[in-house]
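Asks: Just need the structure, nothing else, for what follows:
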Amino acid sequence: MEILPTISTFFIFLSAVLVAIGWRLIATDRPKAHKKAMISAAISALLFFIIYMSRTIFIGNTSFGGPEELKVYYTIFLIFHITLATVGAVFGVVTLYLAFKRKISKHRKIGPITSIIWFGSASTGIVVYLLLYVLYHGGHTTSLFKAILGT
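Replies: Numbers count the residues shown, from 1 in each chain. Modelled structure (predicted):
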């Protein structure tokens, strides 16, 4: 079932590319194109989240399958990524809210910060994917239901 992590990682990569495009569009004074790019980026990020959460709940998370001596470094990196992704998602929602409410001066202040956080989140997410599924074989996978019910 490694296709789902590949698909979800594609969507997070796509969201980062669309944010970069949106950033360029607003820098060149093309607000309508910027809005379309950023909404597309948000939809791509949402698709990532839906696939990721569905996989986590029904199939499970994959543990690190690389060398034992790298596991602590992977875990620290994963915690950093999760923190960055959570902060990025919150900033993203706030940034979109400000744009839709036409609070443009606040949107302009927080937008670049949100974009930088999102680039970091997407980049570290891609590295996590590479570590779990490309560089090393994934470790054990347990669904949330099995973890809770002990079956």
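Asks: In the chain, where is pLDDT below threshold?
Replies: 1, 143-151 (pLDDT under 70).
Asks: Going along the chain from the longest helix that it contains, find the next helix or strand for me.
Replies: What stands out as the longest helix in the chain, according to DSSP state H, is helix 71-100. Downstream of helix 71-100, the next assigned helix or strand under DSSP states H and E is helix 104-129.
Asks: still on that earlier bit, relative to the whole chain's centre, how far out is the longest helix of the chain?
Replies: 7 Å (CA atoms, centre = their mean, to the nearest Å).
Asks: If you count contacts, what does that helix end up packed against?
Replies: If contacts are counted by 3 or more CB pairs under 8 Å, 6 or more residues apart in numbering; DSSP states H and E, helix 71-100 sits against helix 31-58, helix 104-129. Backbone N, C-alpha and C define where each C-beta goes, glycine included.
Asks: Now tabulate these in TSV and tack on distance to Phe91.
Replies: Shown next, in TSV, are the helices and strands packed on helix 71-100 (distance: least, CB to CB, whole Å):
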stretch	distance to Phe91
helix 31-58	12
helix 104-129	4
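Asks: Pipe those into CSV and attach distance to Phe13 and mean neighbour count per row.
Replies: Shown next, in CSV, are the helices and strands packed on helix 71-100 (distance: least, CB to CB, whole Å; neighbours: other CB atoms under 10 Å):
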stretch, distance to Phe13, mean neighbour count
helix 31-58, 9, 17
helix 104-129, 6, 17
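Asks: Could you say which one of those helices comes nearest to Ile79?
Replies: helix 104-129 (10.4 Å; CB to CB).
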